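K.L.:
only the shape, not the letters, is given here:
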């Protein structure tokens, strides 16, 4: 299956007429800029970025004539490649305009077309690193991107998930499941500790179960990312040293304080995932808990989610990171979540950018490699039409994308 999917991913992309990434040019690349948001909240002006072999090797004042090998980004705002810590690249809408499921008959080749397309539109949108959590077949896509067979964001994956029923649900069985994921090559462990928001979001895993799953993850050097909606579920995750909590729609002040005290990263969603479902009911309705009750629950969750972003962004010391939960229909639209966070959730634009760059990198334990425009960091660099720190909608107008020194998009000329 893996070899079939790998070949199909390549054929799919080429058949679609997309260009593979340019190989990093030999020698030195120069990006001439007038404004850089460096990913930490600081702004640099009139700076040349020097890139050699996929890394930033120097930042220096932009003086003199434009070098012959330079890319002129002076009319744009430059920032680190954006990071989405929660996507589902394996989710797509099939040819019947329905959510793909294992029973719809799509072949491995058809699945590959869609996965390659999701990766490509996500990268073109300026997201150079994503954490795709939940799909067992992400390993093939991860490998194809890493080998340069197809263009896509750096892919971190859990290769599946576990819950309170895995292996019978005993602490020992959960530890064994974590070890199996580690052996299979998972980068992170995904844990479901509450029901879906469509089913009310109540806690489903006990303290003992979470202690086993998250503790074993830590012992093996892996992070643990926990799906949790209710305050109790979030508190259990934080109390048992899980690395990161996803969603947390029903989180309250006491729960946020506990996450601060425990150093738990928090990734709530503002609106993209909810609106994507509600705007595309025809594609999801009748599949699992995508029913009238489920859609009504998501509609009710929207104001709670927006208020949750406001409260989280105003909680001192809370490690608020950026993740969209992008599913079928939302790939490539990831920046809509940044707009929601700022315009509907009241988060400052600069903090939203930091949450999607250096702070997101910290949550992935990649803070010394990505998420900043700084010497020694990977040359994951994007440019936008407009300044996102004053107009967050500019994150939806990406005109230049570089990952590891390779240029995947360059529409930098113009106004």
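P.N.:
That came in fine, so what should we check first? These numbers come from a predicted model, not from an experiment.
K.L.:
surely residue 125 meets residue 334?
P.N.:
Yes: with contact defined as CB atoms under 8 Å, residue 125 counts as touching residue 334 (5.9 Å). Backbone N, C-alpha and C define where each C-beta goes, glycine included.
K.L.:
more neighbours: those two, which one.
P.N.:
Counted by other CB atoms under 10 Å, residue 125 and residue 334 do not tie: residue 334 has more neighbours, with 28 against 23.
K.L.:
and that one, how far from residue 396?
P.N.:
In this view, residue 334 and residue 396 are 9 Å apart by CB to CB, to the nearest Å.
K.L.:
any shared contact partners between the two?
P.N.:
residue 125 (CB atoms under 8 Å, 6 or more residues apart in numbering).
K.L.:
for stretch 93-108, measure first residue to last.
P.N.:
15 Å (CA to CA, to the nearest Å).
K.L.:
oops, could you answer that again for stretch 281-298 instead?
P.N.:
12 Å.
K.L.:
who's in contact with it?
P.N.:
By CB under 8 Å, 6+ apart, stretch 281-298 touches 93, 97-99, 101, 196-200, 274, 277-278, 328-329.
K.L.:
and the furthest pair within the residues you listed?
P.N.:
Greatest spatial distance among the contacts of stretch 281-298 (CB to CB): 97 and 200, at 28.9 Å.
K.L.:
looking at those two, which is more packed in?
P.N.:
residue 200 (13 against 9).
K.L.:
relative to residue 250, how far out is that one?
P.N.:
9 Å.
K.L.:
in a helix, residue 305, correct?
P.N.:
Yes: under DSSP: H, G, I helix; E, B strand; the rest coil, residue 305 sits within a helix.
K.L.:
what sits against the closest residue to residue 123 other than its chain neighbours?
P.N.:
Distances taken as CB to CB, 6 or more residues apart in numbering put residue 153 closest to residue 123, at 5.0 Å, once the chain neighbours are dropped. Residue 153 makes contacts with 81, 119, 122-123, 127-130, 145, 403, as judged by CB under 8 Å, 6+ apart.
K.L.:
now with 7 Å?
P.N.:
119, 122-123, 127-130 (CB atoms under 7 Å, 6 or more residues apart in numbering).
K.L.:
just those residues: which are in strands?
P.N.:
Judged by DSSP state E, these include 127-130 as members of strands.
K.L.:
any stretches of the stretch 301-415 of the chain with poor pLDDT?
P.N.:
Applying pLDDT under 70 to the stretch 301-415 of the chain flags the ranges 413-415.
K.L.:
now the helices for it?
P.N.:
335-343, 349-355, 358-363 (DSSP state H, counting those that start in this stretch).
K.L.:
and residue 238, which of those helices is closest to it?
P.N.:
helix 358-363 (14.3 Å).
K.L.:
helices or strands up against that closest one?
P.N.:
strand 82-87 (3 or more CB pairs under 7 Å, 6 or more residues apart in numbering; DSSP states H and E).
K.L.:
now for the strand it packs on, which elements pack on it?
P.N.:
Checking 3+ CB pairs under 7 Å, 6+ apart, strand 82-87 ends up next to strand 127-132, helix 358-363.
K.L.:
now that strand: average pLDDT?
P.N.:
In this model, strand 82-87 has a mean pLDDT of 98.
K.L.:
what residues sit buried inside it?
P.N.:
Neighbour-count burial for strand 82-87 flags 82-87 (criterion: 16 or more other CB atoms under 10 Å).
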